[in-house]
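1. Just the structure for this:
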Amino acid sequence: MRKLTIATTALLLLPTLAHAFDWSEDKTRYLSDPSYLPAKGELDGESSLYYKSSGYDISYSDGSPPTSQRTKSYRGSQSFTYGLTRRIAIGVTESYQHADRTVDSSNGQSKLVFSGLEDPTIHLRGRLIPQSFSPVYVDPYAAYSPDLLADKAANKSTNGTVAQGGQIFTMGLYAGREMKSLTTELGFLSQYEGSRSVDYSNGNTGTISSRWTLSLNWNNQIRWTDSIFTNAGLSYSHTEGADYTTPNSLPFSMASYPSYSLHVSPGVVLVPNRLTLTTELKYSKDGSITKTSSDASTSQLKSNGEYYFGLHLRYKIM
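-> Reported below is the predicted structural model:
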């Protein structure tokens with residue numbers, strides 16, 4: 001918590017620390033900028049590598065020994081974005097992920113592996129005010145991830161998949177302002193996860209009910225020089241509770257919970273407005289989650305936080 005407080009304070013002080021910079025209005029299009037939208041006929045790409053470490057401690061109301069789980073995951077992602085018009089861009093993202101999960105309980109330690117392709121995401125972003133007209137922008141946003149790949153649970157002898165098991169719809173709005181040395185942006189997103197199914201190796205199927213997640217995001221970019229910049233931001237989200245069924249166990253429900261995250265991403269322009277490299281450092285944490293079984297027994301999931309490290313190479317293809 002202390003590290004998060006220090007990092008949050010530093011983020012909030014960034015505009016103050018950079019008071020000597022030029023905050024006059026700017027209509028320049030920066031490839032590294034969170035507000036960047038491809039021009040008509042322009043095709044951009046972004047290749048990313050991630051490492052994430054996360055964990056939960058679980059306590060039980062019936063006095064059963066506590067358990068814990070730790071997950072380390074590696075992810076590669078590729079996205080392409082194309083400018084349909086000067087004010088509308090469409091894109092697609094596909095990722096591959098490998099995750100190793102260790103579960104510690106009174107019965108000993110078990111290891112589970114999840115790997116494979118994620119379901120693709122198609123995203124659309126518009127710009128109500130052309131960037132050539134104003135440094136202030138308002139962008140509607142929509143994304144859709146279809147249920148194409150099977151979501152399979154892992155066990156001691158069989159690897160699981162990383163597919164989502166259902167459809168995901170996202171809609172939202174971004175609004176921001178671009179200046180010579182700073183772009184600041186506020187976004188509101190509403191995500192709907194449809195009911196999902198999980199395949200188990202014994203031929204049975206588990207289900208997860210649909211739910212909503214609402215999030216508020218604040219993103220910024222400070223351009224220290226023509227070639228050095230820092231992206232930074234905060235986000236807060238609230239995820240609705242859901243009902244679960246799994247083979248050979250009682251149905252249960254997971255209560256709603258909040259989440260928050262902080263990221264700081266120093267970057268460099270390798271080729272002006274053609275190629276940028278960004279290093280992402282991110283910390284996120286879920287609020288405490290209550291799990292209630294159909295027999296009224298409860299357990300508490302306490303997040304130990306998620307730590308991300310990522311590399312992003314963004315480039316203009318044509």
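2. Can you give me the neighbour number for Ser259?
-> 17 (other Cβ atoms under 10 Å). All C-beta atoms are positioned from the backbone trio N, CA, C, and that covers glycine.
3. need the contact list for it.
-> 236-239, 284-287 (Cβ atoms under 8 Å, 6 or more residues apart in numbering).
4. And those residues, which of them are buried?
-> Buried by 16 or more other Cβ atoms under 10 Å: 237, 239, 284-286, out of these.
5. pLDDT, distance to Gly187 and secondary structure for the residues you listed - can I get that in CSV?
-> Below are the buried ones among the contacts of Ser259 laid out as CSV (pLDDT from 0 to 100; distance: Cβ to Cβ, whole Å; DSSP: H, G, I helix; E, B strand; the rest coil):
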residue, pLDDT, distance to Gly187, secondary structure
Ser237, 97, 11, strand
Thr239, 95, 17, strand
Ser284, 96, 16, strand
Lys285, 94, 20, strand
Asp286, 93, 20, strand
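6. quick check, nearest of those residues to Ile58?
-> Distance to Ile58, by Cβ to Cβ, is smallest for Asp286 among the buried ones among the contacts of Ser259, at 12.9 Å.
7. do you know how far the closest residue to the closest one other than its chain neighbours is from Thr71?
-> Leaving aside its chain neighbours, Asp286 sits nearest to Ser303 (4.3 Å; criterion: Cβ to Cβ, 6 or more residues apart in numbering). With distances taken as Cβ to Cβ, to the nearest Å, Ser303 is found 11 Å from Thr71.
8. what does the model give the residue lying closest to Tyr260 once chain neighbours are set aside for pLDDT?
-> Leaving aside its sequence neighbours, Tyr260 sits nearest to Tyr236 (Cβ to Cβ, 6+ apart; 5.0 Å). We have a pLDDT of 97 for Tyr236.
9. Name every strand pairing with the helix or strand hosting Tyr236 and say which way it goes.
-> For Tyr236, the element it lies in under DSSP states H and E is strand 228-239. Sheet pairing here is set by DSSP bridges, and for strand 228-239 it gives strand 211-223 (antiparallel), strand 257-271 (antiparallel).
10. Redo these as CSV? Include distance to Gly172 and mean pLDDT.
-> CSV is the format used below for the strands paired with strand 228-239 (distance: least, Cβ to Cβ, whole Å; pLDDT from 0 to 100):
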stretch, distance to Gly172, mean pLDDT
strand 211-223, 8, 95
strand 257-271, 16, 95
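11. What are the buried residues along stretch 283-300?
-> Here stretch 283-300 shows 283-286, 289, 291-293, 299-300 as buried, counting by 16+ other Cβ under 10 Å.
12. rewinding a little: wasn't the residue nearest to Asp286 part of a strand?
-> Yes: if the criterion is DSSP: H, G, I helix; E, B strand; the rest coil, then Ser303 is within a strand.
13. Pull the contacting residues for it.
-> Here Ser303 is in contact with 54-56, 285-289 (Cβ under 8 Å, 6+ apart).
14. Going along the chain, name the strands of the stretch 1-150 of the chain.
-> Using DSSP state E, counting those that start in this stretch, the strands of the stretch 1-150 of the chain run over 43-60, 67-83, 88-105, 108-117, 121-126, 136-145.
15. So for Tyr174, which of these sits nearest?
-> Across the strands of the stretch 1-150 of the chain, closest to Tyr174 is strand 136-145 (Cβ to Cβ), at 4.3 Å.
16. what's the following helix or strand after the closest one?
-> strand 168-178.
17. Quick check: buried residues in the helix or strand following that next one?
-> Where DSSP H and E defines the elements, the next helix or strand beyond strand 168-178 is strand 182-193. Neighbour-count burial for strand 182-193 flags 182-185, 187, 189, 191, 193 (criterion: 16+ other Cβ under 10 Å).
18. helices or strands up against strand 182-193?
-> Of the remaining helices and strands, those touching strand 182-193 by 3 or more Cβ pairs under 8 Å, 6 or more residues apart in numbering; DSSP states H and E are strand 168-178, strand 211-223.
19. can I get the CA coordinates of the last one in CSV?
-> Same thing as strand 211-223. Taking Å, rounded to 0.1, in the frame of the first residue of the first chain, the C-alpha atoms of strand 211-223 are listed here in CSV:
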residue,chain,number,x,y,z
ARG,A,211,-22.3,-9.6,-15.3
TRP,A,212,-21.4,-6.0,-15.9
THR,A,213,-18.2,-4.1,-15.1
LEU,A,214,-18.1,-0.3,-15.0
SER,A,215,-14.7,1.5,-15.1
LEU,A,216,-13.3,5.0,-15.0
ASN,A,217,-9.9,5.6,-16.5
TRP,A,218,-7.5,8.6,-16.4
ASN,A,219,-4.7,8.5,-18.9
ASN,A,220,-1.9,11.0,-19.5
GLN,A,221,1.2,11.5,-21.6
ILE,A,222,4.0,14.0,-20.8
ARG,A,223,6.4,14.7,-23.7
